[in-house]
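K.L.:
Got a predicted model here, sequence first, then my questions.
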Amino acid sequence: MAAICGGSEVAPISPFADDYVMPAIDLDEEQQESFWSKTWEAFKEYSLSVGVVLGVLSTVGIAILKASAK
């Protein structure tokens, strides 16, 4: 790969190695804002989907408890 890219030969480091450090990625202000905006939107969507599932499960659980109490 180094011969193709014209760089020096460096042994690749596995991301699973204990001493692996992910290199920093420099983002400008617009890229940072976009990243955090998309991260927040994904978090809200995930939270909403988990909340719906938990709401359904709790409703079913309450119905079962009420039915078994009779």
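P.N.:
Right, received. Where do you want to start?
K.L.:
Which of the three states applies to Glu30?
P.N.:
The local conformation at Glu30, judged by DSSP: H, G, I helix; E, B strand; the rest coil, is helix.
K.L.:
gap between it and Ser58?
P.N.:
Separation of Glu30 from Ser58 (CB to CB, to the nearest Å) stands at 42 Å. Glycine gets a C-beta too; all of them are placed from N, C-alpha and C.
K.L.:
Next: Asp26.
P.N.:
45 Å.
K.L.:
cool, Leu48 as well?
P.N.:
16 Å.
K.L.:
if we can go back for a sec, Asp26 and Ser58: which is more packed in?
P.N.:
Ranked by neighbour count (other CB atoms under 10 Å), Asp26 and Ser58 place Ser58 first, with 10 against 7.
K.L.:
Tell me, what's the model's pLDDT at the more buried one?
P.N.:
We have a pLDDT of 87 for Ser58.
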